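Enquirer: sharing a model prediction with you, sequence too.
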There are 2 protein chains.
Amino acid sequence: MNDRLDKIKKFYKKHRRLPSYSEMLNIFNLASKNAVFKIIQKLIEAGFIKKEGAKIAPASKFFALPLVGLVKAGFPILAEENRDYLTLDDYLIGDPQSAFLLKVSGDSLIGLGIFDGDIVIIERKRPATSGDIVLAQIDREWTLKILKKDGIRAHLESANPKYPPFYPKQNLEIFGVVKAVVRKFN
Amino acid sequence: MNDRLDKIKKFYKKHRRLPSYSEMLNIFNLASKNAVFKIIQKLIEAGFIKKEGAKIAPASKFFALPLVGLVKAGFPILAEENRDYLTLDDYLIGDPQSAFLLKVSGDSLIGLGIFDGDIVIIERKRPATSGDIVLAQIDREWTLKILKKDGIRAHLESANPKYPPFYPKQNLEIFGVVKAVVRKFN
DNA sequence: TGCATTAGTGAACGAGTGTTTACTATACTG
DNA sequence: CAGTATAGTAAACACTCGTTCACTAATGCA
């Protein structure tokens, strides 16, 4: 059954949609649509696929990657149970409409583990609170810094002792809040 | 046209599939499927949706978030052109079949900007080379460290001066290589 | 003003959809 | 061994799919 699911995943990765029953006939090398029908029912019971009326769609488990924790005593990944699943896209992106990505340049946030070349996910909507990493325009210049509100006026700080805090001379406008960082290796 | 695309995206986010033409009739508050047909054709020309035969599927641009760079001189996000797009899932996960997630515990990799609570994406397949961050079993204990190969024998290092290098007494087995890190803020 | 473009209606159509029923062969189980 | 799931074949079915054609209303342009 799992090799069938893998074939569907492969198809999905390539076409960005689930195959129809007759397409699955070819994928699975079967001759009867009823065989496919039964396979899909199993996958629905297993939680990988869902159905609304006659229309099938991947369930969240379909995309999810197993999430394991590293505990001193042992390594739980090999056991089928106690597994957690996480869909990265859903995890990282709250509202796709208001989110965008920003490639970080500079070392002003290394203290927070945000390096040059990293990609941050920024959401436009949400109000910023003190301590948030924000994309802001300070005195007509765009920058990515930590927002600090002490009393009435706000200023920006780096997470790098090399740089002093920035107090706006004219104005400080918050454009978005950093929700997540992402870094890819080599 | 863009509000129509937004409605489709909303549907997709909820159902994990594209709506059929008759479902779009409701979404768009239209009466004729031909109107939908024409709208979809425009979205295909715009590159958001693709078609194989009669079957529609989202193109990669459909999911992609705008990726901007922060240049000193100005802020390019407001301009419609010169925009880059990135699909996070595709960017981060190479081979979904062999990938899994690991929640990091400990501070042994802070030097690389990998903190306690971060999630790393690990791929099982690929051979590890010196300098890779690896999930390894050293003398029967699982750990996430930097692999170093000097000459014949390999050992593990931390990215934290607090910890000494680890030389295996019995054996060192590499289970997977860290491909990416992901961190979510509050 | 006249003409072309765009956006939408409405109906009809063949092809393909997922489902159902009946039946067969193989494999597992006590 | 007999009995029972399991996995697949084959054919038929209603229904929905995306497409097409002919037509209308509104809009923009020269």
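Expert: Happy to help now that I have it. Numbering: from 1, shown residues only, chains lettered A, B, ... in the order given.
Enquirer: tell me if the lowest-mean-pLDDT helix or strand in chain A is near chain B.
Expert: Every helix and strand in chain A was compared by mean pLDDT, DSSP states H and E; the lowest is strand A:84-86, with a mean of 79. Yes - contact of strand A:84-86 with chain B (C-beta under 8 Å from any C-beta of the partner chain) involves A:L86. Any C-beta I mention is one placed from the backbone N, CA and C, and that applies to glycine too.
Enquirer: helix, strand or coil for the residue sitting furthest away from the middle of chain A?
Expert: In chain A, the greatest distance from the average C-alpha position (C-alpha atoms, centre = their mean) is reached by A:A31, at 39.2 Å. At A:A31, secondary structure determined by DSSP: H, G, I helix; E, B strand; the rest coil is coil.
Enquirer: hang on, it packs against A:S22?
Expert: No - between A:A31 and A:S22 there is no contact under C-beta atoms under 8 Å: 11.2 Å.
Enquirer: would you mind giving the domain segments of chain A?
Expert: Structurally, chain A divides into domains by automatic domain parsing as follows: A:2-58, A:64-92, A:99-182.
Enquirer: what mean pLDDT would you report for the first one?
Expert: For domain A:2-58, the mean pLDDT works out to 93.
Enquirer: gap between the two ends of it?
Expert: Counting by C-alpha to C-alpha, to the nearest Å, you get 15 Å between the two ends of domain A:2-58.
Enquirer: is stretch A:58-67 up against DNA strand C anywhere?
Expert: No - between stretch A:58-67 and DNA strand C, judged by C-beta under 7 Å from any atom of the strand, nothing touches; the nearest distance is 12.8 Å.
Enquirer: what lies in contact with that stretch?
Expert: A:9, A:12, A:18, A:47-50, A:77, A:83-90, B:16-17, B:89, B:93, B:96, B:99-103, B:119, B:121 (C-beta atoms under 8 Å, 6 or more residues apart in numbering or on different chains).
Enquirer: swap the cut-off to 7 Å and go again
Expert: For stretch A:58-67, contacts defined as C-beta atoms under 7 Å, 6 or more residues apart in numbering or on different chains pick out A:12, A:18, A:47-50, A:77, A:83-88, A:90, B:16, B:99-101, B:103.
Enquirer: so how do I select the buried members of the residues you listed in ChimeraX?
Expert: To isolate the buried members of the contacts of stretch A:58-67 in ChimeraX, using 16 or more other C-beta atoms under 10 Å in any protein chain shown:
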select /A:12,18,48,49,50,77,86,88 /B:16,99,100,101
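Enquirer: show me the contacts of stretch A:58-67 that map onto helices.
Expert: Among the contacts of stretch A:58-67, DSSP state H puts A:Y12, A:L88, A:D90 in helices.
Enquirer: could you report the neighbour count for the closest residue to the last one other than its chain neighbours?
Expert: Residue nearest to A:D90 in three dimensions, not counting chain neighbours: A:S60, with 7.0 Å by C-beta to C-beta, 6 or more residues apart in numbering or on different chains. A count of nearby residues for A:S60, using other C-beta atoms under 10 Å in any protein chain shown, gives 14.
Enquirer: distance of A:S60 from B:K9?
Expert: To B:K9, A:S60 is 17 Å away according to C-beta to C-beta, to the nearest Å.
Enquirer: equivalent analysis for A:E157, please.
Expert: Relative to B:K9, and taking C-beta to C-beta, A:E157 is found at 36 Å.
Enquirer: go on, A:Y21?
Expert: 27 Å.
Enquirer: can you give me the strands in chain A?
Expert: For chain A, applying DSSP state E gives strands covering A:49-52, A:55-58, A:65-69, A:84-86, A:99-103, A:119-123, A:133-138, A:141-149, A:154-157, A:172-184.
Enquirer: and DNA strand D, which of the ones you listed is closest to it?
Expert: strand A:55-58 (7.1 Å; C-beta to the nearest atom of the strand).
Enquirer: can you tell me the strand partners of the closest one and which way each runs?
Expert: Partners of strand A:55-58 in the sheet, by DSSP bridges, are strand A:49-52 (antiparallel).
Enquirer: who touches the partner strand?
Expert: Against strand A:49-52 from outside (C-beta under 7 Å, 6+ apart): A:I40, A:L43, A:I44, A:I56, A:A57, A:P58, A:A59, A:F62, B:H15.
Enquirer: what about it and DNA strand C, any contact?
Expert: Yes - judged by C-beta under 7 Å from any atom of the strand, strand A:49-52 and DNA strand C are in contact via A:K51.
Enquirer: next one: that strand to chain centre, how far?
Expert: Using C-alpha atoms, centre = their mean, to the nearest Å, the mean C-alpha position of strand A:49-52 is found 23 Å from that of the whole chain.
Enquirer: mind listing what A:R4 touches?
Expert: Taking C-beta under 7 Å, 6+ apart, one finds A:F28, A:I39 in contact with A:R4.
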